[in-house]
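Trainee: dropping the sequence and predicted coords here.
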Amino acid sequence: MKKRYASTWESLKEHQVPQWYEDGKFGIFIHWGLYSVPAFAPQTWELGEVPPDETWFSNNPYAEWYYNSIHVGYGPSYDYHVKKYGKDFKYEQFADMWKAEKWNPAEWARLFKKAGAEYVVLTTKHHDGFCLFPSKYTDYNASKRGPQRDIVGDLTDAVRGENLRMGLYYSGIVDWTFADDPILNNDDLFHTASPTFAYADYAYNQSMELIDRYAPSVFWNDIGWPRQGEHNLPYLLSHYYNTVEDGVVNDRFNDLYYDFTTKEYQSGSANRREKWEMCRGMGLSFGYNAMESDDKIISIEDAISLLVSTVANNGNLLLNIGPRADGTIPEEQEKRLLAIGEWLGVNGEAIYGSRCSSRESIKYTDQIQVHFTERDGALYVLIDAKGKSQVSVTVPGLSGNAVPLDPKVEADTAKIDGGLRFTVKNFGDSQNVAVFRLNRIM
Ligand SMILES: CC(=O)NC[C@H]1N[C@@H](C)[C@@H](O)[C@@H](O)[C@@H]1O
């Protein structure tokens with residue numbers, strides 16, 4: 001019997017994180033929109049590396065923040081815009097330059113499947129207010145302008161065609177078509193952004209239409225929810241769960257309610273007793289930044305290390321791609337997705353469907369860490385030795401027969417000092433992380 005949620009916080013709190021989200025572990029985030037046309041941002045810092053103050057906001061590495069970055073009237077993006085497009089060029093003019101002429105949603109979905117992703121989260125409306133779906137509430141959308149198609153619907157169909165879950169991102173509290181005073185600090189971001197009741201209703205109405213049109217498995221709200229609309233949330237979220245019983249929402253509804261908490265680059269915190277999700281771009285940006293070449297984005301080793309350390313600590317990794325305006329995915333981003341997929345193809349048994357072990361990760365050096373996951377009574381030991389071709393580590397308190405999941409991993413294990421000593425001589429096809437299954441949990 002399908003559970004019905006009442007529009008009360010108490011009823012919502014009965015919602016459990018569904019097994020598919022606990023098991024899925026790896027998702028693909030997609031930031032695609034008008035900002036993909038200029039595709040420019042300075043390459044400065046990771047979020048959380050510096051305070052969110054004027055220096056951050058006037059040198060914003062997020063290419064999807066292009067509107068605000070040029071609106072502050074100075075800084076690298078403003079200079080770039082004036083030089084490339086001219087002072088009088090309005091951001092809205094990108095709406096008729098974005099053609100997505102080479103876009104093949106089925107191709108994207110096949111790539112996400114090969115990457116080993118279990119879910120996808122696409123921007124439906126980012127802070128610039130341009131909608132990638134035929135919203136009833138604005139004509140500033142991709143079915144009326146630019147691509148002239150329902151980007152959200154077409155990708156949702158393709159993703160579900162590959163048996164992946166489709167999630168939708170919505171910029172709840174920031175919409176520069178309603179309030180576009182330049183944002184130069186977090187106070188601007190949270191307190192003056194879109195302050196009207198009219199906007200709160202708009203955000204509520206668009207969220208309802210996204211739920212009713214697409215029944216997304218993830219409703220990924222960003223930054224916050226309009227304070228003037230907080231009283232709407234119990235209804236919105238109960239409607240969501242009554243429409244999508246195994247749906248999940250993140251913690252960016254003013255911390256009033258969540259299924260999972262979020263980290264973004266170095267910002268946010270993770271508590272391994274709760275379900276959480278790490279999101280980041282391949283480089284410093286979510287939207288495509290044409291300046292981000294292969295050497296400027298996360299290495300394959302670091303991406304695999306991030307996936308393993310996140311999963312071992314009860315998180316999911318939502319790794320972002322920033323497609324070009326024409327609908328192609330930059331080769332350097334595709335290369336990383338395929339490498340992660342290959343690694344998961346060999347070692348996925350320790351990831352998908354696993355649960356956080358009571359054993360905490362062990363950091364031997366910055367390069368050498370050992371993580372643990374558990375599944376079906378087996379303990380998995382994931383030895384991450386970035387940049388090393390051989391490694392030897394003793395894991396205390398372990399005993400039993402450790403078998404590498406990758407048959408090409410060459411390793412010895414020996415009982416020593418009350419633990420198991422692992423000597424990996426060859427990482428085989430497993431990049432920098434060799435995974436062992438221990439058939440008894442000690
Ligand atoms: C911590 C936070 O609220 N970040 C907002 C940030 N989220 C990213 C996934 C991107 O969409 C950014 O453009 C957005 O500002």
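Mentor: Yep, it's here.

Trainee: so what touches the helix or strand harbouring residue 311?
Mentor: With elements delineated by DSSP states H and E, residue 311 resides in helix 300-312, which encompasses its position. By CB atoms under 8 Å, 6 or more residues apart in numbering, the list of residues contacting helix 300-312 from outside reads 25-26, 278, 280, 298, 316-317, 319, 335-336, 339-340, 343, 351, 354, 356-357, 361, 369, 371-373, 382, 384, 386-387, 431-433. From N, CA and C alone the C-beta is placed, and that goes for glycine too.

Trainee: quick check: buried residues in it?
Mentor: For helix 300-312, burial by neighbour count (16 or more other CB atoms under 10 Å) applies to 300, 301, 303, 304, 305, 306, 307, 308, 309, 310, 311, 312.

Trainee: CSV for those, including pLDDT?
Mentor: As requested, the buried residues of helix 300-312 are exported to CSV (pLDDT from 0 to 100):
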residue, pLDDT
300, 97
301, 97
303, 98
304, 98
305, 98
306, 98
307, 98
308, 98
309, 98
310, 98
311, 98
312, 98
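
Trainee: distance to the ligand added to those, as a markdown table?
Mentor: What follows is the buried residues of helix 300-312, written out as a markdown table (distance: CB to the nearest ligand atom, whole Å):
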| residue | distance to the ligand |
| --- | --- |
| 300 | 22 |
| 301 | 23 |
| 303 | 17 |
| 304 | 21 |
| 305 | 21 |
| 306 | 16 |
| 307 | 18 |
| 308 | 22 |
| 309 | 20 |
| 310 | 16 |
| 311 | 20 |
| 312 | 23 |
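
Trainee: all helices for the stretch 251-400 of the chain, in order.
Mentor: Listed in chain order, the helices of the stretch 251-400 of the chain (DSSP state H, counting those that start in this stretch) span residues 300-312, 331-347.

Trainee: CSV please, covering the ones you listed and showing distance to residue 222.
Mentor: Putting the helices of the stretch 251-400 of the chain into CSV (distance: least, CB to CB, whole Å) gives the following:
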stretch, distance to residue 222
helix 300-312, 20
helix 331-347, 21
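
Trainee: now the strands: where do they sit in the stretch 51-200 of the chain?
Mentor: Using DSSP state E, counting those that start in this stretch, the strands found in the stretch 51-200 of the chain span residues 119-125, 165-171.

Trainee: got a list of contacts for the last one?
Mentor: Under the criterion CB under 8 Å, 6+ apart, residues 20, 24, 27, 29, 31, 118-127, 129, 152, 155-156, 159-160, 203, 206-207, 210, 214, 216-223 lie in contact with strand 165-171.

Trainee: how about 6 Å then?
Mentor: Outside of strand 165-171, the residues within contact range by CB atoms under 6 Å, 6 or more residues apart in numbering are 119-121, 123-127, 156, 159-160, 207, 210, 216-218, 220-222.

Trainee: coming back round to it: among the strands of the stretch 51-200 of the chain, which is the most enclosed?
Mentor: Neighbour counts (mean count of other CB atoms under 10 Å) averaged over each of the strands of the stretch 51-200 of the chain peak at strand 119-125, with a mean of 27.

Trainee: output the contacting helices and strands for it.
Mentor: In terms of contacts (3 or more CB pairs under 6 Å, 6 or more residues apart in numbering; DSSP states H and E), strand 119-125 is packed against strand 26-30, helix 151-161, strand 165-171.

Trainee: go again with 8 Å.
Mentor: Using 3 or more CB pairs under 8 Å, 6 or more residues apart in numbering; DSSP states H and E as the contact definition, the elements that strand 119-125 packs against are helix 19-24, strand 26-30, helix 151-161, strand 165-171, strand 218-222.

Trainee: angle of the longest one against strand 165-171?
Mentor: Between the axis of helix 151-161 and that of strand 165-171 there is an angle of 160 degrees, by axes from the mean of the first three to the mean of the last three CA atoms, to 10 degrees.

Trainee: now do the second one
Mentor: Strand 26-30 and strand 165-171 meet at an angle of 40 degrees, taking the same axes, to 10 degrees as the criterion.

Trainee: partner strands of strand 26-30, with direction?
Mentor: strand 119-125 (parallel), strand 315-321 (parallel) (DSSP bridges).

Trainee: contact partners of that strand?
Mentor: Contact partners of strand 26-30, identified using CB under 8 Å, 6+ apart, comprise 112, 115-123, 155, 167, 169, 218, 277, 279, 286, 307, 311, 316-323, 337, 340, 344, 351.

Trainee: just the longest one next, same as before
Mentor: Helix 151-161 has contacts (CB under 8 Å, 6+ apart) with 30, 32, 100, 105-106, 108-109, 112, 120, 122, 124, 132-133, 142, 165-166, 168, 210, 213-214, 216.

Trainee: in three-state terms, label residue 413 for me.
Mentor: At residue 413 the chain is in strand, as set by DSSP: H, G, I helix; E, B strand; the rest coil.

Trainee: partner residues bridging it?
Mentor: Bridge pairing for residue 413 - DSSP bridges - gives residue 422.

Trainee: pretty sure it is touching residue 404, no?
Mentor: No - assessed by CB atoms under 8 Å, residue 413 is found out of contact with residue 404, at 9.3 Å.

Trainee: which residues do the two both contact?
Mentor: Contact with both residue 413 and residue 404 is made by residues residue 436, according to CB under 8 Å, 6+ apart.

Trainee: tell me which of the two has more neighbours.
Mentor: residue 404 (24 against 21; other CB atoms under 10 Å).

Trainee: for residue 240, what are phi and psi?
Mentor: phi -60, psi -50 (degrees, to the nearest 10).

Trainee: distance of the closest residue to the ligand within the chain from residue 127?
Mentor: Nearest residue of the chain to the ligand: residue 223, at 4.1 Å (CB to the nearest ligand atom). Between residue 223 and residue 127 the distance is 8 Å, computed by CB to CB, to the nearest Å.

Trainee: what touches both of those two?
Mentor: Overlap of the contact sets of residue 223 and residue 127 (by CB under 8 Å, 6+ apart) consists of 171, 174.

Trainee: so between those two, which is more surrounded?
Mentor: For residue 223 against residue 127, the residue with the higher neighbour count under other CB under 10 Å is residue 127, and the figures read 27 against 15.
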